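J.: below are the sequence and a predicted model for it; my questions follow.
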Amino acid sequence: MSVAIQFSLPAALQLIKQEVNDLQLGQQPASLYDPLYYMMQLGGKRMRPLLTLFGCALYTPQWAKSIMPALGAEVFHNFTLIHDDLMDNADVRRGKPTVHVKWNMPTAVLSGDVMLVKAYQLMMQSPEHSLRIVLDKFNRMAAGVCEGQQYDMQYAQAYEVSLMQYLEMIKLKTAILPAFCLEIGAIIGGAPEPEAQKLYELGILLGIGFQLMDDLLDVYGNPDAFGKQMGGDIIENKNTFLLIKAKQIAQSYMAEELRYWLEAKEFKPDEKIVAVRGIYDFLNIKELTTKEIESYFSRAVLVLNSLEFADQGVKTTFKDYISDIAHRSF
């Protein structure tokens with residue numbers, strides 16, 4: 001995997017696809033391992049392994065040497081999805097039944113656990129010169145994701161959650177994984193430490209922007225493209241950027257209307273979704289959220305532009321990629 005290959009987005013995605021298809025995650029008992037293959041074959045954007053390859057390619061033409069920890073990051077991400085769906089009691093993931101629905105809850109717990117073990121095994125295949133630091137950063141990141149998930153569950157029960165609290169939560173739950181991917185890719189590629197740290201910061205900005213866009217798409221997205229239940233956040237009273245912002249600025253009868261739907265014990269889901277979306281429309285929440293998303297992606301590009309030692313061609317490709325994910329279709 002250390003042979004120099006011209007970096008391009010199609011080449012990187014093809015390598016990820018090939019390696020995911022070739023992954024050996026275990027065989028028996030099939031009821032334990034089948035959910036792992038099921039999750040990995042559901043697809044997704046493969047953003048995390050791609051960011052690892054990007055981080056490496058910015059500093060070396062031998063970017064493919066980061067593929068094993070890149071796969072480890074993707075396996076870890078899918079582990080978090082299995083447990084996240086279980087805790088949220090979600091029925092659909094990427095347009096397909098979630099693991100606990102397709103199998104059962106105990107299987108989802110055990111399959112998620114063994115998936116975490118497999119992620120560690122892949123991380124262990126990092127190049128020798130960077131192995132210790134990759135594992136140390138992986139441990140810190142994994143603990144942080146768990147902390148973020150715990151905050152997410154706590155905030156689900158709270159009426160008052162500040163935007164600062166919410167942004168810190170999604171930083172932990174969502175953004176530190178892409179940040180980790182970019183940073184370790186750069187470290188494996190031989191980046192100077194200050195630039196590897198900048199890429200970590202860039203990953204935080206991308207991750208937060210990406211999550212805010214998920215919040216927005218849950219309310220205003222195309223159900224076929226989104227791959228999850230539309231309006232699920234509204235039904236669950238989930239404290240997203242949109243809801244927190246609406247609570248902040250709603251006044252008079254509009255605030256009373258919003259509180260009515262948040263406190264309603266019995267309701268028709270479709271009726272609640274339409275009503276809360278109407279409140280968001282009245283308060284211009286879509287526009288305010290879009291502006292916030294654009295701010296994060298714009299700052300990410302500024303950080304990318306500030307890299308002094310990175311390959312210019314890869315920087316241009318990365319900039320185009322950021323633009324693509326910043327304009328996901330509604």
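T.: Looks like it came in fine. Note that the coordinates shown come from a computational prediction; the quantities given were computed from them, not determined experimentally.

J.: relative to residue 210, how far out is residue 323?
T.: 13 Å (CB to CB, to the nearest Å). All C-beta atoms are positioned from the backbone trio N, CA, C, and that covers glycine.

J.: next one: residue 105
T.: Taking CB to CB, one finds residue 105 at 28 Å from residue 210.

J.: so which of these two has more stuff around it?
T.: The neighbour comparison of residue 105 against residue 210 (other CB atoms under 10 Å) goes to residue 210, with 21 against 12.

J.: for that one, phi and psi?
T.: In terms of degrees, to the nearest 10, the main-chain angles of residue 210 are phi -70, psi -40.

J.: report the contact partners of it.
T.: 47, 174, 175, 178, 325 (CB atoms under 8 Å, 6 or more residues apart in numbering).

J.: distance to residue 109 and pLDDT added to those residues, as a markdown table?
T.: Below are these laid out as a markdown table (distance: CB to CB, whole Å; pLDDT from 0 to 100):
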| residue | distance to residue 109 | pLDDT |
| --- | --- | --- |
| 47 | 26 | 95 |
| 174 | 22 | 96 |
| 175 | 26 | 98 |
| 178 | 26 | 98 |
| 325 | 31 | 89 |
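
J.: filter those to the buried ones?
T.: Buried members of those, scored by 16 or more other CB atoms under 10 Å, are 47, 174, 175, 178.

J.: what is the strand or helix carrying residue 320 packed up against?
T.: Assigned by DSSP states H and E, residue 320 belongs to helix 312-326. Applying 3 or more CB pairs under 8 Å, 6 or more residues apart in numbering; DSSP states H and E, one finds that helix 312-326 contacts helix 9-22, helix 47-57, helix 193-220, helix 285-305.

J.: what do you get if the cut-off is 6 Å, keeping everything else the same?
T.: helix 285-305 (3 or more CB pairs under 6 Å, 6 or more residues apart in numbering; DSSP states H and E).

J.: any buried residues in the helix it packs on, and which?
T.: Neighbour-count burial for helix 285-305 flags 285-286, 288-290, 292-293, 296-297, 299-301, 303-304 (criterion: 16+ other CB under 10 Å).

J.: swap in stretch 239-250?
T.: Neighbour-count burial for stretch 239-250 flags 239, 240, 241, 242, 243, 244, 245, 246, 247, 250 (criterion: 16+ other CB under 10 Å).

J.: grab the nearest non-local neighbour of the second one.
T.: Among residues not flanking residue 240 along the chain, residue 215 sits closest, at 4.1 Å (CB to CB, 6 or more residues apart in numbering).

J.: my guess is the one you found contacts residue 243. True?
T.: No - distance between residue 215 and residue 243: 8.6 Å, which falls outside the contact criterion (CB atoms under 6 Å).

J.: now the contacts of residue 210 as a markdown table including distance to residue 140?
T.: Listed next are the contacts of residue 210 as a markdown table, based on distance: CB to CB, whole Å:
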| residue | distance to residue 140 |
| --- | --- |
| 47 | 20 |
| 174 | 16 |
| 175 | 14 |
| 178 | 15 |
| 325 | 25 |
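
J.: wait, which of the residues you listed is closest to residue 110?
T.: Residue 110 lies nearest to residue 174 out of the contacts of residue 210, by CB to CB, at 24.7 Å.
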